[in-house]
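>>> when you get a sec, could you give me coordinates for this:
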Amino acid sequence: MTAALLVIAGVPLIERLSPAVQIQLTPSLIMASLDFCLAAAFLALWRAAPDFRPFRSLGFFYFTVVLQQLLQYFGGVILQLSVRAIAVGFLVEAAGEAMRIPRRHWTRFFWPVYLFGVIAPFFPSLDFFRDWPFLSSEVPLMVLAVQGIRSENRRDRMIATAFLGYSLVRLTLSSKAQHILGISDHLSIARWQWQYTTVGLTVLGAVTLTIFVRDLIHDRGEKQRLAAELAASRAIQQMIVPEHAPEIAGFLIHSKYQPFGEVGGDFFQILSLPEGGALLVIGDVSGKGMPAAMLVSLLVGTLLALVETTTSPGQLLAGLNHCIRGRSCDGFTTCLILHLGVDGAVTFANAGHIPPYRNGEELPCENGLPLGLVAAASYSESTFQLTAGEQITLLTDGVVEARNTAGELFGFERTAAISSQEADSIAQAAEAFGQEDDITVLTVTRLAMV
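Below is the predicted model of the structure:
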């Protein structure tokens with residue numbers, strides 16, 4: 001026998017169940033305890049790994065499952081149906097997030113059905129709608145599971161199989177499915193009623209938790225590997241990129257290196273020569289991370305070896321091109337080498353890099369192919385005389401390609417207008433405009449002879 005304990009608008013929300021019925025429903029309390037542990041485990045893992053969002057959705061799902069079981073035990077059938085309508089939404093969200101299915105946002109169009117299912121049980125005239133939220137959720141859940149099973153990713157196939165299990169197990173809740181299959185919703189053992197759905201969801205929760213934890217361990221291991229690779233790349237870059245420009249007699253040199261990310265693709269070298277003067281090298285390697293850092297180290301090592309035999313910018317670029325041909329992983333490197341003579345004579349050659357600026361004007365030069373594209377590439381040289389007080393500015397495309405919030409590029413015109421400033425000021429102007437790539441600036445001013 002039952003007696004209504006809570007009635008709203010004539011609808012009994014909580015009914016007192018007889019002791020005999022509650023004894024039959026004792027498994028609901030047992031499974032609720034197990035599902036509470038699952039929910040707590042999912043949410044605890046979500047707090048530990050906030051980027052792993054399936055933990056959150058499944059945690060909320062299992063909390064609603066716990067609430068349903070408690071409401072069933074204490075006679076809250078109407079409230080149980082309302083909670084079930086919310087639970088199906090969390091389960092579909094978890095399936096889409098877990099399998100990383102592209103273009104899965106269409107599943108959210110079913111939420112109005114779920115939300116309507118929350119209030120429908122309170123109106124006897126809408127009793128026919130009781131199974132609709134549950135049945136409608138089977139459509140996106142089945143579609144997502146099939147998409148996951150067809151995936152080439154083994155992980156997605158495992159997760160999809162688990163969610164297909166959720167879909168099949170939940171069919172035992174539907175009175176229509178029970179009628180078609182000729183089964184009840186539970187198995188009676190020693191007067192205890194073990195619901196197929198409840199037991200199945202608990203088992204699937206444990207299986208899914210195991211798969212997700214395994215996936216999380218693999219994901220964190222991969223991130224640790226990438227972090228170690230990033231740290232190694234940064235260490236290589238710090239050894240290669242000089243912290244301070246050396247003092248070169250007769251010249252004032254400033255440098256500014258400002259990577260956009262942890263490890264940039266820009267590089268530069270300032271090498272003083274035994275006979276006086278210096279070699280200035282600036283370049284930009286396509287790509288980022290360890291491959292770019294290793295290529296830069298190869299370029300700098302080769303450059304230092306080549307300088308022992310020649311200081312000709314054209315010959316140095318040809319030697320660098322020959323060295324990295326076939327080793328740049330289908331990428332390329334732009335590079336400009338400039339030779340400063342003690343008498344102010346300047347010779348430079350360009351391999352696809354931004355030409356240098358002299359007193360705010362871009363210097364005309366023949367632009368050769370970037371390094372690593374053609375084995376027999378040659379690089380012609382340009383010469384001019386740098387007089388006292390004049391400045392040469394070398395920079396990478398991070399300055400020119402800086403972009404503001406309106407999408408406007410910093411551009412060559414603005415770059416030319418500030419190219420007579422010191423390296424720090426040029427880099428700061430590009431950064432303030434909107435840095436989107438590594439920024440490297442070298443400025444050389446010839447000093448007046450005393």
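>>> and the strands in the stretch 1-150 of the chain, which stretches?
Per DSSP state E, counting those that start in this stretch, the stretch 1-150 of the chain carries strands over the ranges 3-8, 11-16.
>>> dump the residue contacts of the nearest residue to Thr107 once chain neighbours are set aside.
Once flanking residues are discounted, Thr107 sits nearest to Pro140: 4.1 Å by CB to CB, 6 or more residues apart in numbering. Placement of C-beta: from N, CA and C, glycine included. Counting by CB atoms under 8 Å, 6 or more residues apart in numbering, Pro140 makes contact with 92, 95-96, 106-107, 110.
>>> could you turn the buried ones of these into a ChimeraX selection?
In ChimeraX syntax, the buried subset of these is picked out as below (16 or more other CB atoms under 10 Å):
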select :92,95,96,107,110
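>>> among the contacts of Pro140, which lie within helices?
Applying DSSP state H to the contacts of Pro140, the entries found in helices are 92, 95-96.
>>> list the contacts for the residue lying closest to Ser57 once chain neighbours are set aside?
Closest residue to Ser57 apart from its sequence neighbours, by CB to CB, 6+ apart: Ala94 at 3.6 Å. Ala94 sits next to 54, 57-58, 61, 163 when contact means CB under 8 Å, 6+ apart.
>>> buried sites along stretch 308-327?
311-324.
>>> for that stretch, the distance to its chain's centre please.
Remark: stretch 308-327 is offset 37 Å from the chain centroid, using CA atoms, centre = their mean, to the nearest Å.
>>> repeat for stretch 85-100
When distances are taken as CA atoms, centre = their mean, stretch 85-100 is centred 22 Å away from the chain's centroid.
>>> return the set of buried residues in it.
By neighbour count on 16+ other CB under 10 Å, the buried set for stretch 85-100 is 85-99.
>>> and if you look at stretch 415-425?
415, 418-423.
>>> which one of the residues you listed is nearest Ala49?
Using CB to CB, Ala423 comes nearest to Ala49 of the buried residues of stretch 415-425, at 42.0 Å.
>>> ok, Glu15 touching Tyr73?
No. Contact between Glu15 and Tyr73 fails when scored by CB atoms under 8 Å: they sit 11.7 Å apart.
>>> please name the nearest non-neighbouring residue to Gln22.
Distance criterion CB to CB, 6+ apart; nearest residue to Gln22, sequence neighbours excluded, is Tyr73 at 6.5 Å.
>>> show me the contacts for Leu209.
So Leu209 contacts 38, 41-42 (CB under 8 Å, 6+ apart).
>>> can you show me the strands along the stretch 251-400 of the chain?
Using DSSP E, counting those that start in this stretch, strands in the stretch 251-400 of the chain cover 251-258, 266-272, 278-285, 333-340, 345-351, 357-358, 361-362, 367-368, 381-385, 391-395.
>>> what strands line up against the last one, and which way round?
When sheet partners are counted by DSSP bridges, strand 391-395 sits next to strand 357-358 (antiparallel), strand 439-446 (antiparallel).
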